[in-house]
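>>> One predicted model, sequence on top.
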Amino acid sequence: MSDTSLHTISRGAEPELRDYFALMKPRVMSLVVFTALVGLLVAPVHVHPFITFTSVLFIALGGGASGALNMWWDADIDRKMRRTAKRPIPAGRVSEGEALGLGLALSGLSVMMLSLSANLFAAGLLAFTIFFYVVIYTMWLKRWTPQNIVIGGAAGAFPPMIGWAVATGGVSVESLLMFSLIFIWTPPHFWSLALFMKSDYDDAGVPMLTVTHGHDSTRRHILAYTILLTACSLGLAFTSIGGPVYLVTALVMDFRFLVGAWKLLRRSTAQAEADAYGEEKRFFKLSLWYLFAHFTALLADAALSALFGGLA
């Protein structure tokens with residue numbers, strides 16, 4: 001009897017609303033919402049609060065659609081990984097067909113409504129983001145190449161560009177640098193997670209860098225990308241949306257991130273195992289704060305600019 005059959009038989013009670021919400025990956029969605037909102041608010045064009053609210057809502061629904069479609073396609077490997085085994089589909093609370101239906105419905109709804117509330121360019125960018133995450137990353141890259149998270153990270157980097165496009169109807173150096181900040185941040189963020197979750201990817205047959213090239217190579221890649229990330233981060237400080245708050249924040253967080261990456265590089269696998277991968281886990285947590293701090297600082301500088309501009 002197949003795994004799918006066993007899964008179908010073991011399914012018990014009807015799914016609850018929270019199970020469908022979990023399909024949309026709310027933690028990932030929160031990052032999508034936050035970076036899209038920042039991209040919209042720091043743009044040089046004022047957007048009515050109602051349009052801001054509806055646009056961010058539909059961008060969030062688009063992110064949720066991507067999450068549901070990702071869980072639908074990855075249900076087989078999610079059952080094999082400790083980190084994902086309790087998700088709604090592998091846990092038997094939601095069927096794969098329900099996840100597919102929800103993902104497709106939300107995809108169409110989010111793109112259509114964003115085109116009506118904002119503009120066609122922003123809606124087209126949202127549609128491409130959903131396509132990129134589901135088809136290019138989930139269906140193709142994830143199971144094929146150790147560069148999966150490098151290329152696939154673009155999907156998570158589009159939201160601030162979409163937010164900027166809602167306000168301006170286009171793309172700029174600033175929006176491209178916000179995209180680049182998330183794009184280059186994504187590999188060291190996920191690779192640090194993979195360092196202490198390697199067995200999960202082994203079990204699922206996902207060619208994460210830790211599986212195909214080992215821990216030492218992964219640590220070298222983390223440092224290399226952290227150096228690139230520092231350059232991108234500081235470059236954003238000298239654009240029209242940068243400012244003193246962002247510059248100080250970038251300097252502090254980049255220094256901490258570089259130190260953390262250097263510490264990882266100097267560790268052997270034996271040292272990491274003896275420490276229960278404590279340093280790797282600290283770097284992973286720092287990576288979460290890194291992105292949040294940068295985008296919060298952009299928002300703070302925009303608020304200060306608006307305040308002092310209004311007083312002038």
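Now that the structure is in, tell me what you want to look at. Because the structure is a prediction, the values reported are computed rather than measured.

>>> shaky segments in the stretch 201-312 of the chain?
Low-confidence segments of the stretch 201-312 of the chain (pLDDT under 70): 309-312.

>>> could you show me where the strands are in it, in order?
Shown for the stretch 201-312 of the chain, no strands are assigned by DSSP state E, counting those that start in this stretch.

>>> Could you list which residues are in contact with Asp275?
Arg267 (CB atoms under 8 Å, 6 or more residues apart in numbering). (Glycine included, C-beta is placed from N, CA and C.)

>>> and what of Ala155?
So Ala155 contacts 66, 129, 132-133, 136-137 (CB under 8 Å, 6+ apart).

>>> Count the neighbours of the residue lying closest to it once chain neighbours are set aside for me.
Spatial nearest neighbour of Ala155, excluding adjacent residues (CB to CB, 6 or more residues apart in numbering): Tyr133 at 3.6 Å. The criterion is other CB atoms under 10 Å. On that basis, Tyr133 has 24 neighbouring residues.

>>> go on, Glu98?
When counting by other CB under 10 Å, one arrives at 18 neighbours for Glu98.

>>> again with Leu265
By the measure other CB under 10 Å, the count of residues near Leu265 is 15.

>>> Give me the distance from stretch 93-101 to the chain's centre.
Offset of stretch 93-101 from its chain centre (CA atoms, centre = their mean, to the nearest Å): 23 Å.

>>> Name the residues of it that come out as buried.
Neighbour-count burial for stretch 93-101, counted by 16 or more other CB atoms under 10 Å, picks out 93-96, 98-100.

>>> mind giving me TSV with these and columns for secondary structure, distance to Gly260 and pLDDT?
Listed next are the buried residues of stretch 93-101 as TSV, based on DSSP: H, G, I helix; E, B strand; the rest coil; distance: CB to CB, whole Å; pLDDT from 0 to 100:
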residue	secondary structure	distance to Gly260	pLDDT
Arg93	coil	37	91
Val94	coil	37	92
Ser95	coil	41	92
Glu96	helix	39	93
Glu98	helix	41	94
Ala99	helix	36	94
Leu100	helix	39	96
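
>>> buried stuff in the lengthiest helix in the chain?
In the chain, taking DSSP state H as the definition, the longest helix is helix 278-311. For helix 278-311, burial by neighbour count (16+ other CB under 10 Å) applies to 279-280, 283-284, 286-287, 290-291, 293-299, 301-302.

>>> ok, now stretch 243-261?
243, 245-247, 249-250, 253-254, 257, 260-261.

>>> For that stretch, output the C-alpha coordinates as PDB.
The C-alpha coordinates for stretch 243-261 follow below in PDB (Å, rounded to 0.1, in the frame of the first residue of the first chain):
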ATOM      1  CA  GLY A 243      19.400  57.500   6.200                       C
ATOM      2  CA  PRO A 244      21.300  57.800   9.500                       C
ATOM      3  CA  VAL A 245      19.100  55.200  11.300                       C
ATOM      4  CA  TYR A 246      19.600  52.700   8.500                       C
ATOM      5  CA  LEU A 247      23.300  53.300   8.200                       C
ATOM      6  CA  VAL A 248      24.000  52.800  11.900                       C
ATOM      7  CA  THR A 249      21.700  49.700  11.900                       C
ATOM      8  CA  ALA A 250      23.400  48.300   8.800                       C
ATOM      9  CA  LEU A 251      26.900  48.800  10.300                       C
ATOM     10  CA  VAL A 252      26.000  47.100  13.500                       C
ATOM     11  CA  MET A 253      24.100  44.200  12.000                       C
ATOM     12  CA  ASP A 254      26.700  43.600   9.200                       C
ATOM     13  CA  PHE A 255      29.500  43.500  11.800                       C
ATOM     14  CA  ARG A 256      27.600  41.000  13.900                       C
ATOM     15  CA  PHE A 257      26.700  38.900  10.900                       C
ATOM     16  CA  LEU A 258      30.300  38.800   9.600                       C
ATOM     17  CA  VAL A 259      31.600  37.800  13.100                       C
ATOM     18  CA  GLY A 260      29.000  35.100  13.200                       C
ATOM     19  CA  ALA A 261      29.900  33.800   9.800                       C
END
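
>>> quick one on the thing from earlier: Trp185: which of the buried residues of stretch 93-101 is nearest?
Closest to Trp185 out of the buried residues of stretch 93-101 is Ala99 (28.1 Å), distances taken as CB to CB.
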